[in-house]
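**Student:** here are the coordinates; sequence isn't available:
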């Protein structure tokens, strides 16, 4: 039985709160309306809906639509996965706009396959066609939600994406810098108006750190006594220790001496909040050196290539790049720094030998 409470708001207006208690085995429901009649009408409709759900559960499930499931997932689950929440949220919004009004019972592999083709043919905000790899990420985000609907909500019997084949993805990029290009790039970064560009590029080239890891780096993660950077949060989900040697160490020492003690970031942004952006100075350095078809992430590839030339084993490369399991992390935490340190030293000797 529904109960309607009359409430006085802070702005002296009245509102009416409907409470439907769980006598039917369903969770309690609450909703507020500006008028009594609206509250009464909704209470009658909601009680009827709940009775239908109790006596005809299969019919009630068939009325569930995808947008309901997406909204529930975004509210209850997505906030717990902060690492990928931004991308997943964007993917889910696309699916919600396209097939959000579809009944869950009518989302078939055929419908998903048609929209997979639509995804692949769309032009992104960058002006280029969406790749097969990105399309697969969109499918993966929807699959997570549908599996949530199966396992935790019980709204559907099976995940239709399990019957959809993934698109074949292109081979990864293998662009790396030559020694000559490395020297030119470092020189251009040293001449940049942005004082942070050189130490950022040096860190990427000397350590293989990701751009996000560098730009978000805090001084509490940098130990200049032991010459180690400790990353607690990484893309792989596991912490890792990174040795800093030579020019990378010198650049960090300079920054530490001139740091703002009230700002925790190693590379603080001019804005009060947010992470520093180096897009413009980075692009200017590439133009100045005439280095073509090169992205910041390719510095990581360059590190791996130089490290391999030094004779690093697959295990050493994997640990240096942060690609390892939790069991390996516990076994090689101290070994990592000793072994990957020689990789950074080799890269410095290679690039700065002339």
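**Tutor:** On my side now, so go ahead. Just so it is clear, the structure is predicted and the values come from calculations on it, not from any experiment.

**Student:** what about the strands in the chain?
**Tutor:** Ranges of strands in the chain, per DSSP state E, are 2-8, 14-20, 29-33, 222-223, 228-231, 240-243.

**Student:** next, count neighbours for the closest residue to residue 163 other than its chain neighbours.
**Tutor:** What sits nearest to residue 163 in space, not counting adjacent residues and going by CB to CB, 6 or more residues apart in numbering, is residue 109, at 4.5 Å. Heads up, the C-betas are built off the backbone N, CA and C, glycines and all. Residue neighbour count, defined by other CB atoms under 10 Å, stands at 15 for residue 109.

**Student:** and residue 109, how far from residue 32?
**Tutor:** Per CB to CB, to the nearest Å, residue 109 is found 41 Å from residue 32.

**Student:** ok, now residue 19?
**Tutor:** 10 Å.

**Student:** report the central residue of this structure.
**Tutor:** A centroid search over the chain (CA atoms, centre = their mean) returns residue 84, at 3.0 Å, as the residue closest to the centre.

**Student:** okay, that residue: pLDDT?
**Tutor:** Here, the pLDDT recorded for residue 84 equals 73.

**Student:** again, but for the one 5 residues further on
**Tutor:** The predicted local confidence for residue 89 comes out at a pLDDT of 92.

**Student:** cool, and residue 79?
**Tutor:** For residue 79, pLDDT reads 85.

**Student:** measure residue 187 to residue 198 for me?
**Tutor:** Counting by CB to CB - residue 187 and residue 198 are separated by 9 Å.

**Student:** what about these two, which has more around it?
**Tutor:** A count of neighbours by other CB under 10 Å puts residue 198 above the other of residue 187 and residue 198, at 22 against 13.

**Student:** ok, the more buried one to residue 247 distance?
**Tutor:** In terms of CB to CB, residue 198 sits 9 Å off from residue 247.

**Student:** ok, residue 166 next?
**Tutor:** In terms of CB to CB, residue 166 sits 42 Å off from residue 247.

**Student:** for residue 350, same thing?
**Tutor:** Distance of residue 350 to residue 247, given as CB to CB: 12 Å.

**Student:** which of the two has more residues huddled nearby?
**Tutor:** For residue 350 versus residue 247, the count of surrounding residues by other CB under 10 Å is larger for residue 247: 20 against 14.

**Student:** which residues does the more buried one contact?
**Tutor:** By CB atoms under 8 Å, 6 or more residues apart in numbering, residue 247 lies in contact with 202, 206, 348, 352.

**Student:** picking up where we left off before, distance to residue 284, mean pLDDT and mean neighbour count added to the strands of the chain, as a markdown table?
**Tutor:** Below are those laid out as a markdown table (distance: least, CB to CB, whole Å; pLDDT from 0 to 100; neighbours: other CB atoms under 10 Å):
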| stretch | distance to residue 284 | mean pLDDT | mean neighbour count |
| --- | --- | --- | --- |
| strand 2-8 | 60 | 86 | 12 |
| strand 14-20 | 58 | 88 | 16 |
| strand 29-33 | 55 | 86 | 14 |
| strand 222-223 | 27 | 92 | 16 |
| strand 228-231 | 27 | 88 | 18 |
| strand 240-243 | 28 | 85 | 23 |
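
**Student:** dump those to a markdown table, plus distance to residue 289.
**Tutor:** Converted to a markdown table, the strands of the chain look like this (distance: least, CB to CB, whole Å):
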| stretch | distance to residue 289 |
| --- | --- |
| strand 2-8 | 67 |
| strand 14-20 | 65 |
| strand 29-33 | 62 |
| strand 222-223 | 29 |
| strand 228-231 | 27 |
| strand 240-243 | 26 |
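
**Student:** which one of those lies nearest to residue 271?
**Tutor:** Closest to residue 271 of the strands of the chain, according to CB to CB: strand 222-223, at 22.1 Å.

**Student:** by contact count, what packs against the closest one?
**Tutor:** strand 228-231 (3 or more CB pairs under 8 Å, 6 or more residues apart in numbering; DSSP states H and E).

**Student:** note down every partner strand of the strand it packs on and its orientation.
**Tutor:** Strand 228-231 pairs in its sheet with strand 222-223 (antiparallel), strand 240-243 (antiparallel), by DSSP bridges.

**Student:** tabulate these (JSON lines), appending distance to residue 162.
**Tutor:** JSON lines is the format used below for the strands paired with strand 228-231 (distance: least, CB to CB, whole Å):
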{"stretch": "strand 222-223", "distance to residue 162": "45"}
{"stretch": "strand 240-243", "distance to residue 162": "34"}
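
**Student:** residues in contact with stretch 128-145?
**Tutor:** Outside stretch 128-145, the residues that reach it (CB under 8 Å, 6+ apart) are 69-70, 73, 87-88, 91-92, 94-95, 112, 116, 119-124, 159, 161-162, 164, 166-170.

**Student:** switch the cut-off to 7 Å
**Tutor:** Under the contact criterion CB atoms under 7 Å, 6 or more residues apart in numbering, stretch 128-145 has outside partners 69-70, 73, 87-88, 91-92, 94-95, 116, 119-120, 122-124, 159, 161, 164, 166-170.

**Student:** same question for stretch 284-304.
**Tutor:** 173-177, 181, 184-185, 188-189, 192, 197, 201, 204-205, 207-208, 210-211, 282, 317, 321, 347.

**Student:** just stretch 90-110 next, same as before
**Tutor:** 62-67, 69-70, 74, 111, 115, 137-138, 141-142, 145, 149, 155-156, 160, 163-164.

**Student:** can you select the buried ones from the residues you listed in ChimeraX?
**Tutor:** Remark: buried members of these, expressed as a ChimeraX selection using 16 or more other CB atoms under 10 Å:
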select :64,65,66,67,69,70,74,115,137,138,141,142,145,149,155,156,160,164
